[in-house]
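Asks: one predicted model, sequence on top.
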Amino acid sequence: MEYTKEYIVAEYKKLKQHLGGPPSSKVFFAETGIHKRYVEKIFGSNSYSKLATECGDIANEFFKQKSDLDEILLNWGNLARSLGKLPTTADWAFNNNSPSADGIRRSHNLKWIDLPYKFLEFHSNESEWDDVIVLIPPKSANGNILSANIPRIEGLTFEYLKYIPPVIQDFLELSTNDEKSLEFEKETNLIFKMLGFEVDELGQGTGRNPDGIAKENQYRYAILLDSKSRKSSYIFGTEDRKFIEYINKYSELLSKGGYTKQYLLLVSSRFDSVSAISLKNIKIETGITTSLLEARLLLKMLAIKIQAPRLFNLKKFQELLIEDGEITERKVDKFIAGLK
């Protein structure tokens with residue numbers, strides 16, 4: 001709905017009377033449900049200070065600082081949108097924005113490198129800023145900003161990214177680093193634990209084995225996990241014999257344990273040249289379906305799992321594994337849509 005100036009002023013005065021004093025901007029927007037963009041539309045820049053003045057209050061330094069920071073963040077967001085990238089301090093100065101980067105640091109104790117994450121605090125719930133939010137890279141567990149060349153999680157805004165735990169926020173970076181294969185294997189196993197599977201960790205140093213075995217104990221199926229960190233892409237069709245050997249090695253043991261349905265799942269940054277002949281060979285030799293899944297799509301499903309744990313369904317997850325070949329984004333989106 002559209003809010004008039006009279007309505008906004010009346011809501012401010014009503015809340016002020018209820019609180020026994022002028023409300024802060026944070027309290028005002030939270031308690032009234034009026035979005036700050038409507039206040040800005042009517043009062044312009046420094047909107048909340050002007051609203052307070054309109055209602056007979058002196059815009060003290062608290063109001064001024066909050067409003068000034070709001071304006072800085074809006075200007076930063078609009079500049080990022082026009083550039084299609086995170087602005088540098090040079091971009092900020094060239095476009096005549098103020099205060100300077102050094103001025104922002106002095107007045108708000110905010111470094112330029114932290115400005116995008118302050119923007120997220122203010123605007124991550126606003127869909128009109130999705131095009132800007134997607135430009136902001138996540139941070140790793142130690143607070144470092146992850147490389148800008150990490151594959152984006154397409155169709156996943158910050159609203160979903162915020163559900164990814166810090167311990168695996170470098171997962172996409174690991175998926176593209178050939179020298180971090182062990183770390184990538186461990187985080188893949190960890191993600192399957194987070195999805196609700198019981199995971200036996202195997203991996204490097206244990207011979208010709210999968211990296212892990214994810215077991216679903218209610219619906220009694222098991223997934224042999226093999227993680228492939230690749231800078232470019234993993235070419236499927238060169239390791240048939242290895243896959244066949246360890247599938248046959250574990251298949252009987254899993255069957256005796258009650259896991260009558262078994263699958264092979266390869267996880268990598270992305271895939272190239274998926275050999276239909278190799279898929280067929282593995283199926284003929286073992287009777288097991290082979291699926292391939294991009295790391296970003298696995299992370300996408302984990303975000304949904306953490307956001308809505310009661311809706312996430314491991315029985316339906318099995319449906320992604322019943323056909324040989326790559327689990328595409330379309331299949332993942334269909335799986336997610338079926339959870340709602």
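Replies: Happy to help now that I have it.

Asks: can we go C-alpha only for contacts and neighbour counts from here?
Replies: Noted.

Asks: where does the stretch 201-340 of the chain have low pLDDT?
Replies: For the stretch 201-340 of the chain, the stretches flagged by pLDDT under 70 are 203-207.

Asks: now do the helices in it.
Replies: Along the stretch 201-340 of the chain, counting by DSSP state H, counting those that start in this stretch, helices occupy 240-256, 276-286, 295-307, 314-317, 329-337.

Asks: export those to a markdown table and append columns for mean neighbour count and distance to residue 168.
Replies: As requested, these are exported to a markdown table (neighbours: other CA atoms under 10 Å; distance: least, CA to CA, whole Å):
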| stretch | mean neighbour count | distance to residue 168 |
| --- | --- | --- |
| helix 240-256 | 15 | 27 |
| helix 276-286 | 15 | 30 |
| helix 295-307 | 21 | 9 |
| helix 314-317 | 14 | 21 |
| helix 329-337 | 14 | 20 |
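
Asks: indicate which one of the ones you listed is closest to residue 194.
Replies: Smallest distance to residue 194 across the helices of the stretch 201-340 of the chain (CA to CA): 7.4 Å, for helix 295-307.

Asks: output the contacting helices and strands for that closest one.
Replies: Where contact means 3 or more CA pairs under 8 Å, 6 or more residues apart in numbering; DSSP states H and E, helix 295-307 is packed against helix 158-161, helix 171-175, helix 181-195, helix 329-337.

Asks: go through these and name the closest to residue 250.
Replies: For those, the distance to residue 250 is smallest for helix 181-195, at 17.3 Å, taking CA to CA.

Asks: and the helices of the stretch 201-340 of the chain as JSON lines, adding distance to residue 181?
Replies: Below are these laid out as JSON lines (distance: least, CA to CA, whole Å):
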{"stretch": "helix 240-256", "distance to residue 181": "17"}
{"stretch": "helix 276-286", "distance to residue 181": "23"}
{"stretch": "helix 295-307", "distance to residue 181": "13"}
{"stretch": "helix 314-317", "distance to residue 181": "25"}
{"stretch": "helix 329-337", "distance to residue 181": "24"}
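
Asks: which one of those helices lies closest to residue 217?
Replies: The closest of these to residue 217 is helix 314-317. By CA to CA, the value is 10.0 Å.

Asks: hang on, the earlier thing: please identify the most buried of the helices and strands packed on helix 295-307.
Replies: Each of the helices and strands packed on helix 295-307 was assessed for mean neighbour count using mean count of other CA atoms under 10 Å. The highest is helix 171-175, with a mean of 26.
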